[in-house]
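>>> could you look at this predicted model? Sequence included:
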Amino acid sequence: MTLAPPTTDIDAIQSDFEMLDDWEDRYRYVIELGRQLPPLPAAAKTDANKVRGCASQVWITSQAVPVPDGVRLSLAGESDSHIVQGLIAILLALTNNKSPAEILGQDIEGRFAALGLKDHLTPQRSNGLASMVARIRADAQRA
């Protein structure tokens with residue numbers, strides 16, 4: 001098993017967000033980030049990979065990949081919602097190919113708040129995002 005291809009860099013996403021003036025443009029950008037993710041194979045859309053607590057369908061896969069300095073998590077995800085797919089892309093930019101300690105040590109919610117997303121998501125999407133973050137953290141703890 002090799003590491004998944006790198007996702008968009010979170011600092012680049014932050015910079016792009018700052019250049020966009022209104023939330024309609026930012027939502028379009030989030031959707032575009034989601035479109036850039038490769039689709040999950042049908043075999044990965046299992047009950048075990050399904051994220052509970054999301055209003056839309058969400059699957060996240062993770063595999064611990066041995067590297068010279070320990071392990072890194074290779075993550076992938078998909079949703080049937082365009083906005084949620086974009087949120088997954090941002091989450092992967094924060095967590096994919098990182099060590100479990102790096103993932104667990106991050107203030108993921110703080111990064112989403114810095115993007116302004118926390119204030120512009122519906123309560124259902126906020127709950128779904130929290131469920132996705134909890135799932136990735138649980139995978140990191142197990143790794």
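That came in fine, so what should we check first?

>>> roughly how far apart are the closest residue to Glu78 other than its chain neighbours and Ser79?
With sequence-adjacent residues excluded and distances taken as C-beta to C-beta, 6 or more residues apart in numbering, Glu78 is closest to Leu40, at 4.2 Å. Quick note: C-beta positions are derived from backbone N, CA and C, even for glycine. From Leu40 across to Ser79, the span is 10 Å (C-beta to C-beta, to the nearest Å).

>>> any shared contact partners between these two?
Residues touching both Leu40 and Ser79 (C-beta atoms under 8 Å, 6 or more residues apart in numbering): Trp59.

>>> more neighbours: which of those two?
The neighbour count for Leu40 versus Ser79, taken as other C-beta atoms under 10 Å, is higher for Ser79 (23 against 17).

>>> would you tell me what the next helix or strand after the strand or helix carrying Ile60 is?
Using DSSP states H and E, Ile60 sits within strand 58-67. Moving toward the C-terminus from strand 58-67, the next helix or strand (DSSP H and E) is strand 70-79.

>>> now that following strand and strand 58-67, what's the angle there?
160 degrees (axes from the mean of the first three to the mean of the last three C-alpha atoms, to 10 degrees).

>>> residues of strand 70-79 that come out buried?
By 16 or more other C-beta atoms under 10 Å, the buried positions in strand 70-79 come out as Arg72, Leu73, Ser74, Leu75, Ala76, Gly77, Glu78, Ser79.
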